[in-house]
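>>> I need the structure of the sequence given here:
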Amino acid sequence: MEIVTKIAPIALALIMLGLGLGLSTKDFTRVLKNPKDFLIGLTCQLILLPIVAYLLILVFKCPTEIAIGIMIIAAAPGGVTSNVMTKFAKGDVALSISLTAVISLISIISVPFIVFNSANLLGVSDITKNVSLTGVALKMAGVVTVPVIIGMIIRLFSEKFISSNIRFIEKITGILFLIVFAAIWIEERENIISYLSQAGILVLTLNVVMMLIAYFIAKSFASGAKQVKCISLECGLQNGTLAVFVATQLFSDITYIIPTAAYALTMYITGFIFIYILKNYN
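Okay, here's the model as predicted:
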């Protein structure tokens, strides 16, 4: 896991820098102007997703290492991928960006809180000693909050250049995401089948169930079809690189990271299927 441990923080920081380059203050002020859709997305992702994940863990009765890996995924915010997928689905891209940005900033508190409490409920005691909730939050701030702020500052002074190259930046962040997961699969290639047999069905179930729950909640309460597509995808496409980073900070066992890698594979498949099904939903 040595390669992954070294790559994940750098890749995450660069991905979050890329997210920051695509943000402006209006992405945050928009939340205040149209709070309803944002609050629906926030509730689904920040509260319902971890609850659904925990209930599925109890139903599947999976090993604790896999269970904690699932909770790390569920705690993670949406990533840049959700913004791109929302664009493909002709959803509300502005809402997607706002949700990703705000929840990513909140994640420095919410992710350690959810993961540490989940570990206590599941009776996991081998969280790396000398690593506290505050310690993880501070490390996350260094690779999440700071790069986002730096990216926004760069955009503020180079608006025209950044806007004209935003697609290229999105491609780079996508490549960085793939590099992290390629490193996981290469390092653990001899155990992949075993890991997928343990985590594959569970992460697929989590992905599909959560997208459906978010879809029906958004359909009942959100403003329109674009917002429904956005909220569903935002709850189904988590920031896998951040999840890997958190797992490597807390555990030395690669098993905790495997659900994240399995999730990365399934979320693209289910995401594109979801987009195809809803392509004519207006």
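
>>> so for the helix or strand hosting residue 200, what gets flagged as buried?
Element membership for residue 200, per DSSP states H and E: helix 192-221. For helix 192-221, a neighbour-count test (16 or more other C-beta atoms under 10 Å) marks 195-196, 198-200, 202-207, 209-211, 213-215, 217-218 as buried. All C-beta atoms are positioned from the backbone trio N, CA, C, and that covers glycine.

>>> quick one: mean pLDDT for it?
In this model, helix 192-221 carries a mean pLDDT of 84.

>>> by contact count, what packs against that helix?
helix 35-43, helix 49-60, helix 64-75, helix 225-236, helix 258-277 (3 or more C-beta pairs under 8 Å, 6 or more residues apart in numbering; DSSP states H and E).

>>> can you redo those helices as a markdown table with distance to residue 251?
Shown next, in a markdown table, are the helices and strands packed on helix 192-221 (distance: least, C-beta to C-beta, whole Å):
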| stretch | distance to residue 251 |
| --- | --- |
| helix 35-43 | 28 |
| helix 49-60 | 16 |
| helix 64-75 | 8 |
| helix 225-236 | 25 |
| helix 258-277 | 11 |
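
>>> any idea which of those gets closest to residue 22?
helix 225-236 (15.3 Å; C-beta to C-beta).

>>> kindly format the C-alpha coordinates of the closest one as CSV.
The C-alpha trace of helix 225-236 is given here as CSV (Å, rounded to 0.1, in the frame of the first residue of the first chain):
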residue,chain,number,x,y,z
ALA,A,225,-36.2,17.4,-13.6
LYS,A,226,-32.7,19.0,-13.8
GLN,A,227,-32.5,19.2,-10.0
VAL,A,228,-33.7,15.6,-9.6
LYS,A,229,-30.9,14.3,-12.0
CYS,A,230,-28.3,16.4,-10.2
ILE,A,231,-29.2,15.3,-6.6
SER,A,232,-29.5,11.6,-7.7
LEU,A,233,-26.0,11.6,-9.3
GLU,A,234,-24.5,13.7,-6.5
CYS,A,235,-25.5,11.0,-4.0
GLY,A,236,-24.3,8.2,-6.2
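
>>> what lies in contact with it?
With C-beta atoms under 8 Å, 6 or more residues apart in numbering as the test, helix 225-236 has contacts from 37, 40-41, 44-45, 48-49, 78, 82, 85-86, 89-93, 95-96, 99-100, 207, 210-211, 213-215, 217-219, 222, 267, 270-271, 274-275, 278, 281-282.
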